[in-house]
Every structure is written in C-alpha cells, then in structure tokens.
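Chemist: I'll drop the sequence and a predicted model, then ask my questions.
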Amino acid sequence: MVKKILFGAVVSCCLTLAGVAFAGYDILAEVTITDGQAVGILTDVSDSADGQQYIYCGTLSWGDGSPTGLCAARDIDGEFRSCTTTEPDHISTIQSLSSSSYLMFRWDVDAPGACTLIYVINGSSMM
C-alpha cells in the first residue's frame, strides 16, 4: 500500500512539473525542404512575411470512390516538392489536418512523386 501511494506521489509530481515546464510552449516552424522530406506548421507558414512559402495536403475523390491525396511545399528559397498517394492511412491522416497543424511529408527520392509518409500533429503548441 505504501509503495502504491509513493508511486502515485512521484507520478503526480512529475506530471505537475511537466505541466509547468511546457506551459506556454510554442513551436515555430517555417517550411523546410530536405532530401526526401518537407516540414512546416500551417499557421506559421501562412503568417510568414515572405509570401513565398507554403505547405499543404489535400484530398480529391474521383467518381469511382478512390480518393487521392496531394501534398506540396515551397520553401522561402522557392524550392518546390510534392507527392501524391492513394494509401488509405495517408488519406485519413491528411483529413485530420487543421489550420494550425504541424505537417511533415516524405517521398521516395528514387521515385519522386510518391508519398511514403504523411505525419500530422494537432495541438495547442502548434498555434
């Protein structure tokens, strides 16, 4: 019983400290394009002063019911990359995007144009 109470106290303390350590935490990320990957936070990109960069993913559903996803990004230097996907998990991830999401997408550098990963984080720290 004492061990359970002690464990609970330690966990509670750690969670409290974690809350304090991350309170008000904000991530800033403009578009970054590297070999095979593009990353950005939609809010930061749309608020950027340069007017050059963008990052997005969207879906298009054809008449036959097979949706296609498209992701595209352009960085501050004008470098552009995009990829497409029909993978159901990718489509679902794209559909979870919000205006303040962190977005990363990857493509196969040997077969440009095919998305290999779409990663989205939604949270208040992204705003």
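Modeler: Okay, I see it. It should be emphasised that the depicted structure is a prediction, and the values quoted were computed from it without experimental measurement.
Chemist: what are the bridge partners for the closest residue to Gly58 other than its chain neighbours, then?
Modeler: Nearest residue to Gly58 in three dimensions, chain neighbours excluded: Leu70, at 5.7 Å (Cβ to Cβ, 6 or more residues apart in numbering). All C-beta atoms are positioned from the backbone trio N, CA, C, and that covers glycine. Beta-bridge partners of Leu70, counted by DSSP bridges, are Gly58, Thr84.
Chemist: so Leu70 makes contact with Thr86?
Modeler: No - at 10.7 Å, Leu70 does not count as touching Thr86 under the criterion of Cβ atoms under 8 Å.
Chemist: neighbour-wise, which of those two wins?
Modeler: Leu70 (16 against 13; other Cβ atoms under 10 Å).
Chemist: How about the contacts made by the more buried one?
Modeler: Cys57, Gly58, Thr59, Leu60, Ser82, Cys83, Thr84 (Cβ atoms under 8 Å, 6 or more residues apart in numbering).
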